[in-house]
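J.: No sequence on hand, only this structure:
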């Protein structure tokens, strides 16, 4: 027995020695046994000349003398020989008195700092954004990018792997400059240290962490009293992350919403005028340009986070492969006719548009007779849609589901198109409740929309209201777009344990898959299809780790960003600890407790759903 242990110990020592020798060969490129490759990229603040660039083979977060290294040239470009296929991080050290920004000729680095890229297969360009991706510590780079966007206040899907130095003054460029300011303040950070990300975030300048401000002045200070009639208005939008100068805009504003409309803090619909001032705006808080926006009040949601979190999750790498488009939203503070009215979420509204749900628009020219195009419908218990004369956008399916044809709206749809849309909706229902086949739907979109809403236990999503479905033309490039898709996701203020009715505060129990109305819930029937159920379970298990990471880190990030503004919001609207219609089964007297409750609810819910989605049998026993 002693001899055997001695032999095992001796073997371990030999293996360790061989591993050390292999590492030495890898680092030194010696012995001719490690194939090399040459990579090239740029060091970007502007374009940084004379930066020291290396591959960090031992993972200690810095450039050592025996790491393969080089210098960036006068254009910020470097070429570096590395072990082929290496996944080690790339490091750029910007040195005071040595490095300079070629974007500002003669501008020497005024502080030494490090930047990084997590690996050559992520990016050979080394920028402030790739540095944050490295410091994030997530090897799922798409997930890491989402967390980085949150950390610096950029909207979902904002492209942070762009050469922003080529577009000076852009949102990406300005935000990147703020990150560099934080990197300089933190000194020569160890790019491998787990606390380095927190150090950088703590040093971000206030301009990047303060909320933008939107000032709205209606013509003659007219009150906004209608959800149908617009009031002319002027707007000034200030985004301190980009500039202290306000963008002046003109347009109009009206009320919007259902339950929240008529509350002390109202939601609004705004439309900017297509004029020279609008043309000059590059984007809206990093979101793609459009004239139409919603201002969500989140009055019932005293965390102020649920819509922002749900929309960001739908846009994230966790769910975006199944959901073609989810609205983005950015928090800001709003003044209406000089009166501070609190924190709002400036949100993309739902429409067919190249910068929104990008599907084919049908022509409204009767001569064209175009009935093969994209459309959006909504399950809406209120049937709150246009119905005048022959133009009736309201519809009941053969089994009684109340449907509104949302897009094209009454101004843009022809009667033949309207009849065609209603007929196609009915055909999908007949397919589901007849043979229960999946041919007419995109099951991945149905599953991912369902999972997003079920995690939040979104009350209205059980085929009550704000349940959107869409279809593109039969000639769409993506075959899945030619079928019925779920989405876009919408309306989460009474989710996440926030509603005070129907046991909505209970983190246990399936909700969105149940039939709770006088009309059927298509999802209830779809879960009778073994393939649909198997797909749901598989996608839950696949997405679960990233889902938990995104939810928890995003809540922390959004809460930190709202810390100062929420105090002003609740000074204006003193509703913490007060009874509210519809929301707040539990009474919390501080905003911090509201945020903590949301986080706790979602984590408890994910744990319960793990049990429900363990197998088809567990789902049937716990959710049917």
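T.: Cool, the structure landed. Predicted model, so just to flag it, every value in this text is computed and none were measured.
J.: In this structure residue 68 contacts residue 58, no?
T.: No: in this structure, residue 68 is not within contact of residue 58 by CB atoms under 8 Å, at 11.7 Å. In short, each C-beta sits where N, CA and C put it, glycine included.
J.: Out of these two, name the residue with the larger neighbour count.
T.: Ranked by neighbour count (other CB atoms under 10 Å), residue 68 and residue 58 place residue 68 first, with 20 against 14.
J.: and the more buried one, how far is that from residue 53?
T.: Distance check for residue 68 against residue 53: by CB to CB, to the nearest Å, it reads 9 Å.
J.: Between those two, which contacts overlap?
T.: Taking CB atoms under 8 Å, 6 or more residues apart in numbering as the criterion, residue 68 and residue 53 both touch residue 80.
J.: OK, contacts around residue 164?
T.: Counted by CB under 8 Å, 6+ apart, residue 164 has contacts 44, 127, 170, 172, 173, 176.
J.: burial of the second one, as a residue count?
T.: Okay, so that is residue 127. Neighbour number of residue 127 under other CB under 10 Å is 29.
J.: Next, the contact list for the closest residue to it other than its chain neighbours, please.
T.: By the measure of CB to CB, 6 or more residues apart in numbering, the closest residue to residue 127 outside its immediate chain neighbours is residue 44, 4.5 Å from it. Residues in contact with residue 44, defined by CB under 8 Å, 6+ apart, are 76, 125, 126, 127, 128, 163, 164, 165, 176.
J.: and which of these is nearest residue 281?
T.: residue 164 (17.9 Å; CB to CB).
J.: need the contact list for the nearest residue to the closest one once chain neighbours are set aside.
T.: For residue 164, ignoring the flanking residues on the chain, the nearest one in space by CB to CB, 6+ apart is residue 172 at 3.8 Å. Counting by CB under 8 Å, 6+ apart, residue 172 touches 129, 154, 158, 159, 160, 162, 164.
J.: Please identify the buried residues of the helix or strand encompassing residue 172?
T.: Here residue 172 is covered by helix 171-186, with elements defined by DSSP states H and E. Neighbour-count burial for helix 171-186, counted by 16 or more other CB atoms under 10 Å, picks out 171-184, 186.
J.: do stretch 87-97 as well
T.: By neighbour count on 16+ other CB under 10 Å, the buried set for stretch 87-97 is 88, 89, 90, 91, 92, 93, 94, 95.
J.: Could you tell me the end-to-end distance of that stretch?
T.: End-to-end distance for stretch 87-97: 31 Å, by CA to CA, to the nearest Å.
J.: let's number from 870 now, not from 1
T.: Sure, I'll start numbering at 870, so the last one becomes stretch 956-966.
J.: got the contact list for it?
T.: Contacts of stretch 956-966 (CB under 8 Å, 6+ apart): 910, 912, 914, 917, 919-926, 928, 930-932, 936, 941, 949, 951, 977-990, 993, 995, 1003, 1057, 1060-1061.
J.: Distance from it to the middle of the chain?
T.: Centroid displacement of stretch 956-966 relative to its chain, using CA atoms, centre = their mean, to the nearest Å, is 30 Å.
J.: Show me how far stretch 1123-1140 is from its chain's centre.
T.: For stretch 1123-1140, the distance to the chain centre is 24 Å (CA atoms, centre = their mean).
J.: try stretch 1354-1371
T.: 17 Å.
J.: May I see the buried residues of it?
T.: 1354-1369.
J.: how far is the helix holding residue 1041 from where the chain is centred?
T.: Counting by CA atoms, centre = their mean, helix 1040-1055 comes out at 22 Å from the chain centroid.
J.: Moving C-terminal from that helix, which element do we reach first?
T.: With DSSP H and E, the next secondary element past helix 1040-1055 is helix 1065-1071.
J.: any idea of the mean pLDDT for the strand or helix carrying residue 1426?
T.: Assessed by DSSP H and E, residue 1426 sits inside helix 1399-1441. Helix 1399-1441 carries an average pLDDT of 98.
J.: List the buried residues of the helix or strand just after that helix.
T.: Following helix 1399-1441 in sequence order, the next helix or strand is helix 1460-1481 (DSSP H and E). By neighbour count on 16+ other CB under 10 Å, the buried set for helix 1460-1481 is 1460, 1462-1464, 1466-1468, 1470-1471, 1474-1475, 1477-1478, 1481.
J.: Equivalent analysis for stretch 1074-1084, please.
T.: 1076, 1077, 1078, 1079, 1080, 1081, 1082, 1083, 1084.
J.: Name the nearest of the residues you listed relative to residue 1172.
T.: residue 1080 (15.6 Å).
J.: Report the secondary structure state of the closest one.
T.: coil (DSSP: H, G, I helix; E, B strand; the rest coil).
J.: what sits against the nearest residue to residue 1485 once chain neighbours are set aside?
T.: In space, not counting the residues next to it along the chain, residue 1485 is nearest to residue 1402; the distance is 5.4 Å by CB to CB, 6+ apart. Counting by CB under 8 Å, 6+ apart, residue 1402 makes contact with 1396, 1485, 1488.
J.: Select from those every entry located in helices.
T.: For the contacts of residue 1402, the ones inside helices are 1485, 1488, with DSSP state H as the criterion.
J.: Check the contact between residue 1228 and residue 1219; I expect there is one.
T.: No: taking contacts as CB under 8 Å, residue 1228 lies outside contact range of residue 1219: 12.0 Å.
J.: what about the residue nearest to residue 1352 when sequence neighbours are not counted, how many neighbours?
T.: Once flanking residues are discounted, residue 1352 sits nearest to residue 1311: 4.8 Å by CB to CB, 6+ apart. When neighbours are counted by other CB under 10 Å, residue 1311 registers 23.
J.: Tell me the pLDDT of residue 1311.
T.: 98.
J.: For the helix or strand encompassing residue 923, the averaged confidence score.
T.: In the assignment (DSSP H and E), residue 923 maps to strand 921-924. The average pLDDT for strand 921-924 rounds to 98.
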